[in-house]
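Engineer: Got a sequence here, can you build the structure:
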Amino acid sequence: MGKVVSQAEIINIVRNGQAEGKTYAATNGCFDILHVGHIRYLQKTKALADFSIVMLNSDKSVKLIKGDDRPINCEADRAEILTSLSCVDYVVLFEEKSPSKLLEAIKPDIYTKGADYTLETLPERDVVIRNNIKVEFIDFVAGKSTTNVINRCLK
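Structural biologist: Numbering: from 1, shown residues only. The predicted model follows:
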C-alpha cells in the first residue's frame, strides 16, 4: 500500500533508494475523480520503475489551474484514494501550479506525462533536461477524463 509523505520525506526516500540501486518513476496530476484512464496511466508509470511517486496537486493548486469549482474531492481524499492503489507507492502534495520545483528536488529516474505533450511542449522540460530525468509520454484512454465525468453528471 502506498504512503502519503512530505516533500522532505520523499526526497530522502528517493536519495536512499537510488543509492541502493532502486529506480523511481514520478508523475503529477489532480486525480480529482479517479477513472480508468487514470488507473491505466498510473499502472504504466509504475511498470517503468521499482517505485512510483504521484506528485499530487493540492486543493489550492487545483483551484489555480481548474477554477473555484474544483477540486470535487479534497486533497486528503484524493491522496487516500491514490495510496489504496497497488500501482502507487508514494503520494506527495505540492501547492504550485507546476510540479517543477518538487520534481527538481526529488530527481526521479523517470518522469511520466500524458502523450498530449512532447519534450518541446513539456512545462517541466528544463528541469528534466538539467537533471537527466528520462521522460516517458503515456497515451490517454480515449474519452476518459474527469471533465467528461463531470459533464455527464451535470446532464
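
Engineer: So the residue minimising distance to the centre of the chain: helix, strand or coil?
Structural biologist: Central residue of the chain (Cα atoms, centre = their mean): residue 28, 2.1 Å from the mean position. Classification of residue 28 by DSSP: H, G, I helix; E, B strand; the rest coil places it in strand.

Engineer: ok, it - contacts?
Structural biologist: The neighbours of residue 28, taking Cβ atoms under 8 Å, 6 or more residues apart in numbering as the test, are 54-57, 94, 99, 103. The way it works is simple: take the backbone N, C-alpha and C, and place the C-beta from them, glycine included.

Engineer: So which of these is the closest to residue 41?
Structural biologist: Comparing the contacts of residue 28 against residue 41 with Cβ to Cβ picks out residue 54 as the nearest, at 10.2 Å.

Engineer: hmm, back to that, could you tell me which of the contacts of residue 28 belong to helices?
Structural biologist: Secondary structure from DSSP state H places residue 103 of the contacts of residue 28 in helices.

Engineer: Output the contacts of residue 28 as JSON lines; include the columns pLDDT, distance to residue 109 and neighbour count.
Structural biologist: Formatted as JSON lines, those follow (pLDDT from 0 to 100; distance: Cβ to Cβ, whole Å; neighbours: other Cβ atoms under 10 Å):
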{"residue": "54", "pLDDT": "98", "distance to residue 109": "15", "neighbour count": "28"}
{"residue": "55", "pLDDT": "98", "distance to residue 109": "15", "neighbour count": "22"}
{"residue": "56", "pLDDT": "98", "distance to residue 109": "20", "neighbour count": "23"}
{"residue": "57", "pLDDT": "97", "distance to residue 109": "22", "neighbour count": "28"}
{"residue": "94", "pLDDT": "98", "distance to residue 109": "19", "neighbour count": "20"}
{"residue": "99", "pLDDT": "97", "distance to residue 109": "16", "neighbour count": "24"}
{"residue": "103", "pLDDT": "98", "distance to residue 109": "12", "neighbour count": "22"}
